[in-house]
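*Asks:* Pasting the sequence and the predicted coordinates here, then a few questions.
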There are 2 protein chains.
Amino acid sequence: MDSGNKHPKEPDSQLVLEQFLPYQLSILSNTVSNTIAREYRDLFGLSIPEWRVMAVLGRFGPLTASEACDRTAMDKVTVSRAVARLIELKQVRRDTDPNDRRRSILKLTARGVRTHRQIVPIARGHESELAAALTQKERRSLDALLAKLQRRASEIASQESTA
Amino acid sequence: MDSGNKHPKEPDSQLVLEQFLPYQLSILSNTVSNTIAREYRDLFGLSIPEWRVMAVLGRFGPLTASEACDRTAMDKVTVSRAVARLIELKQVRRDTDPNDRRRSILKLTARGVRTHRQIVPIARGHESELAAALTQKERRSLDALLAKLQRRASEIASQESTA
DNA sequence: TAATTTTAGTTTCATATGTAACTATTTCAA
DNA sequence: TTGAAATAGTTACATATGAAACTAAAATTA
């Protein structure tokens, strides 16, 4: 009954990496990220964390660093370093919040806004090149499936760290 | 016409990270990988590259290092280091190929086989916990979608590096 | 068969990343 | 108030990673 199957079950003591979901996700994500990272580096001298910070500032800014952490789902250290670099590059400006001097308020500079305007269509381009492999309907169902998996994965992750 | 949509299009100059496919993949993959990496580290003292090498040796071994690279889609440096560590841990044995003394022949030791036997069900468990978010049908369609995306992503990546 | 090129794998180096420790400031409680 | 606890963000450290240079052996070619 299973013999014509494209993915026959391996015996319990065997595992084929290519059919292992966490592995599939990792390979796909790395392939995509590496391609994009190279492009951003070559065109703008930005890393992915740096670009992500710019994306959230462009869309939701001004933000504090911790709001940027929430929006990007990145570590605060990663964000701190990305921000430091973006300030050097004069893409971002940091002011101290006068109401709470622990906080800084981050926003794109005029240059940052120009860079952001250039990158967004490139980012969208990457996405649509990739999504060109799918029909509209497939794309929607992928979205739904990934959302379900992310919810489940986050649950599992938070259980682990509590247990 | 678009106004009731769950994912309304942002203006061209804006991008919401949460709806950006490369970002979704990266977050999901990291969430999953980190959970699994912690478990393998805590239970067996193995990293993900180390475990991947064991998985392919358990399924397809003995292999040379470059065959292990192909099977895991990992860099040869990563594989070399994983193998060095696995030899230290006496999970893997390395013999020089008598027919080609540049090559080494890698296989699980008796201990490696035991470890492999323990890990495989745990790996499968992780996968099914995650896939529990999906029906059988959804899981199959996810497989198909990821395969299409991987094919496309690989194409794009190879274009880039040639161009 | 000697010289050159290719291949397998390792080591080096520069960079990225996260945890933990730290500094500065604010909030809370006695 | 003032001293303890919490919060925002940075720095230090230890580890991971990949590109490029390297070593050793085999294949090619002249």
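*Replies:* Alright, I've got the coordinates. Note that the structure is a prediction, hence the values are computed from the model and not measured.
*Asks:* what about the helix or strand hosting A:Glu67 and DNA strand D, touching?
*Replies:* Element membership for A:Glu67 (DSSP states H and E) is helix A:65-72. Yes. Using Cβ under 7 Å from any atom of the strand, we find that helix A:65-72 touches DNA strand D at A:Ala65, A:Ser66. Glycine gets a C-beta too; all of them are placed from N, C-alpha and C.
*Asks:* That helix: which residues count as buried?
*Replies:* Neighbour counts over helix A:65-72 (16 or more other Cβ atoms under 10 Å in any protein chain shown) mark A:Ala65, A:Glu67, A:Ala68, A:Cys69, A:Arg71, A:Thr72 as buried.
*Asks:* Please, which helix or strand holds A:Ser29?
*Replies:* With elements taken from DSSP H and E, the one containing A:Ser29 is helix A:21-44.
*Asks:* Please disregard the earlier target; I meant A:Arg94.
*Replies:* A:Arg94 belongs to strand A:92-96, assigned by DSSP H and E.
*Asks:* Could you check that strand and say which residues are buried?
*Replies:* For strand A:92-96, using 16+ other Cβ under 10 Å, the buried residues are A:Val92, A:Arg93.
*Asks:* Now do that strand: everything it contacts.
*Replies:* The contact list for strand A:92-96 (Cβ atoms under 8 Å, 6 or more residues apart in numbering or on different chains) reads A:53-54, A:57, A:83, A:86-87, A:103-109, A:112.
*Asks:* about what we covered before: buried set for the helix holding A:Ser29?
*Replies:* Of the residues in helix A:21-44, A:21-33, A:35-37, A:39-40, A:44 count as buried by neighbour count, 16+ other Cβ under 10 Å.
*Asks:* And for stretch A:122-142?
*Replies:* By 16+ other Cβ under 10 Å, the buried positions in stretch A:122-142 come out as A:Ala123, A:His126, A:Glu127, A:Leu130, A:Ala131, A:Ala133, A:Leu134, A:Glu138, A:Arg139, A:Ser141, A:Leu142.
*Asks:* Which pair of the residues you listed spans the longest distance?
*Replies:* Within the buried residues of stretch A:122-142, A:Ala123 and A:Ser141 form the most distant pair, 22.6 Å apart (Cβ to Cβ).
*Asks:* near DNA strand C, which residues of chain A show up?
*Replies:* So chain A meets DNA strand C at A:Ser47, A:Ile48, A:Pro49, A:Met74, A:Asp75, A:Val77, A:Thr78, A:Arg81, A:Asp100, A:Arg101, A:Arg102 (Cβ under 7 Å from any atom of the strand).
*Asks:* try 10 Å this time
*Replies:* A:33, A:37, A:41, A:46-50, A:73-82, A:85, A:96-103, A:161 (Cβ under 10 Å from any atom of the strand).
*Asks:* and DNA strand D, which of those reach it?
*Replies:* A:37, A:75-82, A:96-97, A:100-103.
*Asks:* when you check the residues you listed against the helices, which ones overlap?
*Replies:* A:Ala37, A:Lys76, A:Val77, A:Thr78, A:Val79, A:Ser80, A:Arg81, A:Ala82 (DSSP state H).
*Asks:* right, and the pair among these with maximum separation?
*Replies:* Longest span within these, Cβ to Cβ: A:Ala37 and A:Lys76, 21.1 Å.
*Asks:* any idea of the pLDDT on the residue lying closest to A:Asp75 once chain neighbours are set aside?
*Replies:* Once flanking residues are discounted, A:Asp75 sits nearest to A:Cys69: 7.2 Å by Cβ to Cβ, 6 or more residues apart in numbering or on different chains. Looking at A:Cys69, its pLDDT reads 92.
*Asks:* Ok, A:Leu17 next?
*Replies:* 86.
*Asks:* gap between the nearest residue to it once chain neighbours are set aside and DNA strand D?
*Replies:* Computed as Cβ to Cβ, 6+ apart, the closest residue to A:Leu17 that is not its neighbour in sequence is A:Tyr23, at 4.9 Å. A:Tyr23 is 13 Å from DNA strand D, where distance means Cβ to the nearest atom of the strand, to the nearest Å.
*Asks:* One more: A:Asn30?
*Replies:* A:Asn30 is 7 Å from DNA strand D, by Cβ to the nearest atom of the strand.
*Asks:* and what of A:Leu130?
*Replies:* Per Cβ to the nearest atom of the strand, A:Leu130 is found 20 Å from DNA strand D.
*Asks:* Just the pLDDT for that residue.
*Replies:* In this model, A:Leu130 carries a pLDDT of 92.
*Asks:* Enumerate every residue touching it.
*Replies:* A:Val32, B:Leu21, B:Pro22, B:Leu149, B:Arg152, B:Ala153, B:Ile156.
*Asks:* Let's test this: mean pLDDT of the lengthiest helix in chain A, rounded?
*Replies:* Ranked by residue count and defined by DSSP H, the top helix of chain A is helix A:136-162. What helix A:136-162 shows for mean pLDDT is 88.
*Asks:* Just list what that helix packs against, helices and strands only.
*Replies:* helix B:21-44, helix B:110-131, helix B:136-162 (3 or more Cβ pairs under 8 Å, 6 or more residues apart in numbering or on different chains; DSSP states H and E).
*Asks:* How about the contacts made by A:Arg111?
*Replies:* A:Lys90, A:Gln91.
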